[in-house]
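Q: Please find the sequence and the predicted model below.
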Amino acid sequence: MKVMSMRTLPKPYLTIGNRLFMDVEASGLHPDLSYPIQIALVDDALNVRHDFLIRPMAHWRHWSDEAESIHGISRQRLEAEGIPAEEAVQRLMALGKRTVFLDDGENKDRQWITKLFADCGGLQKPFEFRHFKSGRAGGDTLGVQLEEGESDRLVSKVFKHPHSAVNDAMQLAARWRIREDAEFRAEVKAAANRIAAEEQEPEVPTFST
């Protein structure tokens with residue numbers, strides 16, 4: 001089956017607003033001991049703004065082999081390729097006053113970023129976290145109303161990538177862009193229907209723009 005890549009879509013897209021989309025990989029899911037090991041940020045034009053590994057601090061000792069089997073990042077790779085946690089904080093501080101969107105189900109991403117800042121001197125992050133679906137409140141987006149889950153179905157049909165922070169952040173940005181950009185929405189829907197035809201599945205339902 002041919003699967004379209006986000007990076008093969010016609011570009012460049014123009015940014016629509018001052019927002020970024022974040023995903024975080026961590027050492028595990030322990031509520032107190034887990035810590036961030038990879039952070040990725042993608043803007044609303046589908047450009048990767050940050051994608052880096054974090055070398056664990058001396059007191060960050062927790063590790064889940066199960067989590068490693070999912071994200072595929074070893075402790076050895078973190079030691080070899082990761083940046084110091086303090087540098088990670090400085091990169092995030094440089095974002096300034098931005099709106100950073102997380103997936104609705106990713107409260108732990110917020111928890112890991114909070115831990116990162118707390119363990120690196122307690123600096124206050126300058127950006128505001130919002131969850132993806134709540135981002136439509138208060139006129140924040142241009143927005144069209146889609147059937148519940150429609151953007152998720154389109155992205156999952158067209159953009160199938162290995163699990164990683166940057167790929168998940170890119171998918172989150174694409175879900176948002178589908179709601180806001182009629183041209184992008186049409187391109188993704190056409191790709192989804194081509195894939196469905198190859199798989200002999202029903203077409204993705206149309207929706208108003």
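A: Here it is on my side, so go on.
Q: By mean pLDDT, which helix or strand of this structure comes out lowest?
A: helix 150-158 (a mean of 82; mean pLDDT, DSSP states H and E).
Q: If you count neighbours, what's buried in that one?
A: With burial defined by 16 or more other Cβ atoms under 10 Å, the residues of helix 150-158 counted as buried are 150, 151, 153, 154, 155, 157, 158. Yep, even glycine has a C-beta here, placed from its N, CA and C like the rest.
Q: In JSON lines: those, plus distance to residue 183.
A: JSON lines is the format used below for the buried residues of helix 150-158 (distance: Cβ to Cβ, whole Å):
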{"residue": "150", "distance to residue 183": "17"}
{"residue": "151", "distance to residue 183": "15"}
{"residue": "153", "distance to residue 183": "19"}
{"residue": "154", "distance to residue 183": "14"}
{"residue": "155", "distance to residue 183": "16"}
{"residue": "157", "distance to residue 183": "18"}
{"residue": "158", "distance to residue 183": "15"}
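Q: and the spatially most central residue of the chain, how far is that from residue 161?
A: The centroid of the chain falls nearest to residue 169 when counting by Cα atoms, centre = their mean (1.6 Å). When distance is defined by Cβ to Cβ, to the nearest Å, residue 169 is 11 Å away from residue 161.
Q: Same check on residue 89?
A: Counting by Cβ to Cβ, the gap from residue 89 to residue 161 is 28 Å.
Q: And those two? Which one has more around it.
A: residue 89 (19 against 14; other Cβ atoms under 10 Å).
Q: count of residues packed around residue 23?
A: Counted with other Cβ under 10 Å, residues neighbouring residue 23 total 25.
Q: which strands and helices sit next to the helix or strand hosting it?
A: Secondary structure assignment for residue 23, by DSSP states H and E: strand 19-26. For strand 19-26, the elements it packs on are strand 36-43, strand 99-102, helix 107-119, helix 165-180, judged by 3 or more Cβ pairs under 8 Å, 6 or more residues apart in numbering; DSSP states H and E.
Q: What helices and strands are in contact with the last one?
A: What it means is helix 165-180. By 3+ Cβ pairs under 8 Å, 6+ apart, helix 165-180 packs against strand 19-26, strand 36-43, strand 48-55, strand 99-102, helix 150-158, helix 182-198.
Q: contact partners of the shortest one?
A: Okay, so that is strand 99-102. Residues from elsewhere that reach strand 99-102 (Cβ atoms under 8 Å, 6 or more residues apart in numbering): 17-23, 41, 109-110, 127-132, 135, 140, 172, 176.
Q: Low-confidence regions, this structure specifically.
A: 1-13, 104-106, 133-148, 201-209 (pLDDT under 70).
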